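Participant: show me how the following folds:
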Amino acid sequence: MAATYRAVMLTKKGGPEGLQVVELPIVHPGPGQLRVRVRAAGVGATDLAMLAGNYMYASKMPFVPGYEVAGVVDAIGAGVTGFELGQRVAALTVHGGFAELLVREAEHFLPIPNGVSDRDAAAAILNYVTAWQMIHRVAKVRPSQTALVTGAAGGVGTAALQLLRLAGVKTYGAASASKHATLRSLGATPIDYRAGPLDRLTLAVEPKGVDYVFDAVGGANIGPCIGALRRGGTVVGFGFMGAAGMVSKLAMFANLFIGARLRGRRGAFYGITMLYRKDPKALREDLPKIFALLAEKKIDTMVTRTFPLLEARQAIELLATGFVEGKIVLENS
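Facilitator: Here you go, the predicted model:
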């Protein structure tokens with residue numbers, strides 16, 4: 001067996017140029033751990049935040065990024081039960097996924113069922129668990145309600161549109177006009193956020209306001225999102241933890257929580273890693289639900305591009321252009 005494996009390491013703060021392919025020594029999993037041979041890894045906006053040094057859950061540089069993986073069990077540490085060599089598994093890794101091998105505590109891995117490909121399993125973890133948990137655990141939506149999703153053509157946005165449709169929610173998606181066909185295909189009514197203030201555009205189609213807004217933008221967008229809500233409605237902010245400096249971030253969250261309340265609405269924030277650290281049981285309950293929907297072909301991970309695993313830098317360069325709809329996945333054949 002080889003003594004080393006290859007990985008893509010983030011060597012310095014900045015842009016994709018900080019990602020370098022390196023060789024690392026293979027280690028045996030310790031007690032309670034698994035070693036997994038990575039077959040697929042998702043690429044997303046959190047990776048961009050890590051490159052910029054703005055992600056609070058990132059490891060100290062240098063480190064191997066990679067937030068979500070699917071692979072096969074390659075070695076089993078002492079005391080681990082419930083897994084076998086060659087078994088397909090998936091995990092929310094936060095870091096370490098852009099590598100041929102990954103060693104992590106066994107408790108983080110969940111089995112991938114038949115009918116779900118490695119590519120789709122890796123693509124679903126971050127986007128679909130995020131969408132599921134903010135829809136069902138935070139907002140607690142009900143059939144026949146209404147919702148607006150900002151950043152609707154992105155990875156979490158397209159996941160949210162699909163899950164809201166399955167939940168019987170009438171959904172609007174805010175995106176540029178060039179992406180409206182995608183939103184319609186997912187059952188949403190598109191809103192061109194460039195055509196005017198988002199609250200005015202939303203109230204033009206829902207005069208009393210929507211029941212929920214799921215906002216991926218943050219910053220100054222929070223005010224219009226609150227304005228798009230009916231009285232008593234809820235705005236859930238997600239995915240913008242690294243989007244601003246400290247002062248701007250404090251102002252943004254004050255508007256999300258206090259500003260919403262002053263206007264008779266409710267504000268909430270959701271972060272998948274924040275919840276996972278607080279209550280790992282939630283992801284262990286919710287990811288199998290997503291896998292079941294994939295196996296039943298009720299949802300589509302919207303994977304639009306794939307790259308070889310070690311071409312993470314090229315994949316992130318594409319993501320950074322802002323023109324990607326859906327999901328990018330790295331694959332290791």
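Participant: please report phi then psi for R119.
Facilitator: With angles defined as degrees, to the nearest 10, R119 sits at phi -60, psi -50.
Participant: wait, it touches T306, no?
Facilitator: Yes. With contact defined as CB atoms under 8 Å, R119 and T306 form a contacting pair (6.9 Å). In this view, the C-beta of every residue, glycine as well, is placed from N, C-alpha and C.
Participant: who touches both of these two?
Facilitator: Residues within reach of R119 and of T306 at once, by CB atoms under 8 Å, 6 or more residues apart in numbering, are 329, 331.
Participant: and E84, how many neighbours?
Facilitator: Burial of E84, expressed as a neighbour count using other CB atoms under 10 Å, amounts to 8.
Participant: surely it is in a helix?
Facilitator: No. Using DSSP: H, G, I helix; E, B strand; the rest coil, the secondary structure at E84 is coil, not a helix.
Participant: contacting residues for it?
Facilitator: Counting by CB under 8 Å, 6+ apart, E84 touches 73, 76.
Participant: all strands for the stretch 1-150 of the chain, in order.
Facilitator: For the stretch 1-150 of the chain, the strands defined by DSSP state E, counting those that start in this stretch occupy 4-10, 19-25, 33-43, 68-76, 88-92, 101-105, 109-111, 146-149.
Participant: following the lowest-mean-pLDDT helix or strand in the chain, which helix or strand comes up?
Facilitator: Lowest by mean pLDDT, DSSP states H and E among the helices and strands of the chain is helix 246-254, with a mean of 71. Taking DSSP states H and E as the definition, the helix or strand that follows helix 246-254 towards the C-terminus is helix 260-262.
Participant: so for that following helix, mean pLDDT?
Facilitator: With pLDDT averaged residue by residue, helix 260-262 scores 91.
Participant: list the buried residues in that helix.
Facilitator: A260 (16 or more other CB atoms under 10 Å).
Participant: average pLDDT for stretch 23-38, rounded please.
Facilitator: Rounded mean pLDDT across stretch 23-38 is 97.
Participant: swap that for stretch 181-201, please
Facilitator: For stretch 181-201, the mean pLDDT works out to 96.
Participant: same question for stretch 131-145.
Facilitator: On average, the pLDDT along stretch 131-145 is 97.
Participant: gap between the two ends of that stretch?
Facilitator: Its first and final residues considered, stretch 131-145 spans 17 Å by CA to CA, to the nearest Å.
Participant: centre of the chain versus it, how much separation?
Facilitator: Mean C-alpha position of stretch 131-145 versus that of the full chain (CA atoms, centre = their mean, to the nearest Å) differs by 16 Å.
Participant: for G232, helix, strand, or coil?
Facilitator: In terms of secondary structure, G232 is strand; the call rests on three-state DSSP.
Participant: quick check: it touching R263?
Facilitator: No. Between G232 and R263 no contact is recorded; they are 10.6 Å apart, counting by CB under 8 Å.
Participant: these two: who's more crowded?
Facilitator: For G232 and R263, the more surrounded residue by other CB under 10 Å is R263, and the numbers stand at 16 against 10.
Participant: ok, back up a step: would you turn the strands of the stretch 1-150 of the chain into TSV with mean neighbour count?
Facilitator: Conversion of the strands of the stretch 1-150 of the chain to TSV gives the following (neighbours: other CB atoms under 10 Å):
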stretch	mean neighbour count
strand 4-10	21
strand 19-25	14
strand 33-43	26
strand 68-76	23
strand 88-92	23
strand 101-105	20
strand 109-111	19
strand 146-149	28
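Participant: okay if I get the ones you listed as a markdown table plus distance to A315?
Facilitator: Formatted as a markdown table, the strands of the stretch 1-150 of the chain follow (distance: least, CB to CB, whole Å):
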| stretch | distance to A315 |
| --- | --- |
| strand 4-10 | 10 |
| strand 19-25 | 10 |
| strand 33-43 | 5 |
| strand 68-76 | 14 |
| strand 88-92 | 19 |
| strand 101-105 | 18 |
| strand 109-111 | 24 |
| strand 146-149 | 24 |
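Participant: nearest to N54, out of the ones you listed?
Facilitator: strand 4-10 (12.8 Å; CB to CB).
Participant: what does that closest one contact?
Facilitator: Residues from elsewhere that reach strand 4-10, judged by CB under 8 Å, 6+ apart: 18-26, 50-51, 61-66, 98-101, 309-310, 312-313.
Participant: having no further points to raise, I will conclude here.
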